[in-house]
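> Structure, please.
(chains A and B)
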Amino acid sequence: MNIRLKLNGKMISEDIAPDLLLIDFVRKHGCKSVKRGCETANCGLCTVLLNGKPVLSCSVLAARADGQEIFTLEGLQEEASEFISFIANQGADQCGFCNPGFVMNTIALLRENPDPTDDEIKSFLSGNLCRCSGYEGQLRGIRDFLDSRKGGDR
Amino acid sequence: MITIKEYVRAESLEQAYTLNQKKRNRIIGGMLWLKMGKGAIDTAIDLCGLGLDKIEETEDTFVIGAMTTLRSLETHEGLNSYTNGSVKRALENIVGVQFRNLATIGGSLWGRYGFSDVLTFLMSLDCQVELYKGGLVPVEQFASMKHDRDIIVRIIIRKAAGRFGYSDMRIQSTDFPALNCAVSYFDGMWRCAVGARPSRAVLVKDEGRMLPEKPDPEQAETFAKTVAEQVTFGSNMRGSARYRKHLAEVLLSRLFTEIGGNLS
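As a prediction, this is how the structure comes out:
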């Protein structure tokens, strides 16, 4: 079957197998930041934005994305660069495997809620698992970024 | 892993229903649970093009399309205002935002999963499931029906003047619940849905009007024990039947007190 979608701003038309998953489609198109982690729709490693909403690309048929707009971290470098160094400064990048998923979901959070509380950050990012950091580093990094936007009161 | 030979974005419910009569064809909702299974699907039938992803609020109802995501429900102001925030409480710990942006209310209900927070919560409301061929069915009746080849089209919640509450116990915050309870008081009667028993949720109604509208803690505790006695609990890796029964007594008692407005 043929699908036509916009990936990171670029229109793509391609023949695909009906059971091809979106994660495999975007990786085939060079978006290697999108990773396969748990295979149980739990870890958030494969997060992409589908029409602006964060979803697990491991659980979406590429066929369902026909006619839709997809963004991966490859297409959102500039937006991510605003806060990623704050997370790195807290040492929360660690092994790095979960980072793209965390960054994608953080982008979605900040678009939906530009000034979240710590509880709102934790709640929104609860679908992103990290086996290294214990999550506090990511929280501190995002908090530092938010505080810096307000004039650096920390 | 599942395999799919053909994908069809249904153009009408009749087309979807006709395709769905073949045993090897499947309706896909959020595809989260379906994807975890094994087997060959001949035709995956997608309802995503039928405009069933909306919540319509009227003066006396909420009409929720089957393809509405759990995240849309969780963030819907009208629904949360009506249910005293219980919709959000029932859904916010289901895995993560990305998961809830995919999981649909239709898919969650259709499975009648034992662990379902959605089914438990809806059972405490005045709620009906609209099936394409089967018409309107009360959600508690739907919960006990066997799987057939019909299609959930919409969920209809009547805005009964009442109060609502939801509580659950999870070993880890985004895990399946070890037990979940939803309680409501409307039309002069308490209703208690108990799920993750670990089997399908059940509804216990206070038809004898044993519990007053504003129970004191002692009355709440006594009635919670009465309800727990009427529910069958089972054991699995998340808890024993005995533990679940105790949890039910505690969660229900708290909900009766909270909803009754006597929270100390």
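> Quick one: the helices in chain A, in order.
For chain A, the helices defined by DSSP state H cover A:22-28, A:77-81, A:84-89, A:99-112, A:118-124, A:136-149.
> Sorry, wrong one. I was asking about chain B.
Counting by DSSP H, the helices of chain B are B:13-20, B:70-74, B:77-82, B:86-91, B:97-100, B:105-111, B:117-123, B:139-144, B:217-230, B:241-259.
> can the shortest one be found next to chain A?
Think helix B:97-100. Yes. With Cβ under 8 Å from any Cβ of the partner chain as the criterion, chain A is reached by helix B:97-100 at B:V97, B:Q98, B:F99. For glycine as for every other residue, the C-beta is placed from the backbone atoms N, C-alpha and C.
> Tell me which of the helices of chain A lies nearest to A:C38.
Counting by Cβ to Cβ, A:C38 lies closest to helix A:99-112 out of the helices of chain A; the figure is 10.8 Å.
> And A:R149, how close does it get to chain B?
22 Å (Cβ to the nearest Cβ, to the nearest Å).
> residues near that residue, how many?
Number of residues near A:R149 (other Cβ atoms under 10 Å in any protein chain shown) recorded here: 13.
> What does the pLDDT read for it?
On pLDDT, A:R149 comes in at 89.
> Over to B:G37?
In this prediction, B:G37 has a pLDDT value of 88.
> Distance check, it against B:M1.
Applying Cβ to Cβ, to the nearest Å, the value for B:G37 to B:M1 is 9 Å.
> what's the answer for A:G137, then?
Distance from A:G137 to B:M1, by Cβ to Cβ: 34 Å.
> Can you pick out the residue with more neighbours from those two?
Per other Cβ under 10 Å, whichever of A:G137 and B:M1 has more neighbours is A:G137, with 19 against 10.
> who's in contact with that one?
A:I87, A:Q90, A:G91, A:A92, A:Q94 (Cβ atoms under 8 Å, 6 or more residues apart in numbering or on different chains).
> Check those residues for burial and list the buried ones.
By neighbour count, with 16 or more other Cβ atoms under 10 Å in any protein chain shown, the contacts of A:G137 hold A:I87, A:Q90, A:A92, A:Q94 as buried.
> What about the spatially closest residue to B:R163 that is not a sequence neighbour, how many residues nearby?
Excluding the flanking residues, the one nearest B:R163 by Cβ to Cβ, 6 or more residues apart in numbering or on different chains is B:I259, at 4.7 Å. The number of residues packed near B:I259 is 23, by other Cβ under 10 Å.
> likewise A:L76?
Around A:L76 there are 18 residues (other Cβ under 10 Å).
> B:E56 now?
12.
> check contacts around the residue lying closest to it once chain neighbours are set aside.
In space, B:E56 comes closest to B:V63 once its chain neighbours are excluded; the distance is 4.4 Å by Cβ to Cβ, 6+ apart. Neighbouring residues of B:V63 by Cβ under 8 Å, 6+ apart: B:I55, B:E56, B:E57, B:R154, B:I155, B:I156.
> could those be laid out in CSV, adding pLDDT?
Listed next are those as CSV, based on pLDDT from 0 to 100:
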residue, pLDDT
B:I55, 98
B:E56, 98
B:E57, 97
B:R154, 98
B:I155, 98
B:I156, 98
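> From the residues you listed, pick the one nearest chain A.
Distance to chain A across the contacts of B:V63 (Cβ to the nearest Cβ) is lowest for B:I55, with 15.7 Å.
> Can you name the residue of chain A nearest to chain B?
Closest point on chain A to chain B, by Cβ to the nearest Cβ, is A:G127, at 1.1 Å.
> what number of residues lie near that residue?
24.
> If I look at it, what pLDDT would I see?
On the pLDDT scale, A:G127 gets 95.
> quick one: the residue in the stretch 1-150 of chain B that chain A sits nearest to and B:A103, what's the gap?
In the stretch 1-150 of chain B, the residue that lies nearest chain A is B:G96 (1.1 Å; Cβ to the nearest Cβ). B:G96 sits 11 Å away from B:A103, going by Cβ to Cβ.
> nearest residue to the residue nearest the centre of chain A other than its sequence neighbours?
Centroid-nearest residue in chain A, with Cα atoms, centre = their mean: A:M104, separated by 2.1 Å. Residue nearest to A:M104 in three dimensions, not counting chain neighbours: A:T47, with 4.3 Å by Cβ to Cβ, 6+ apart.
> a markdown table please, covering the helices of chain B and showing mean pLDDT and distance to B:G208.
Shown next, in a markdown table, are the helices of chain B (pLDDT from 0 to 100; distance: least, Cβ to Cβ, whole Å):
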| stretch | mean pLDDT | distance to B:G208 |
| --- | --- | --- |
| helix B:13-20 | 98 | 41 |
| helix B:70-74 | 98 | 33 |
| helix B:77-82 | 96 | 27 |
| helix B:86-91 | 96 | 25 |
| helix B:97-100 | 98 | 38 |
| helix B:105-111 | 95 | 29 |
| helix B:117-123 | 95 | 19 |
| helix B:139-144 | 95 | 18 |
| helix B:217-230 | 96 | 10 |
| helix B:241-259 | 97 | 15 |
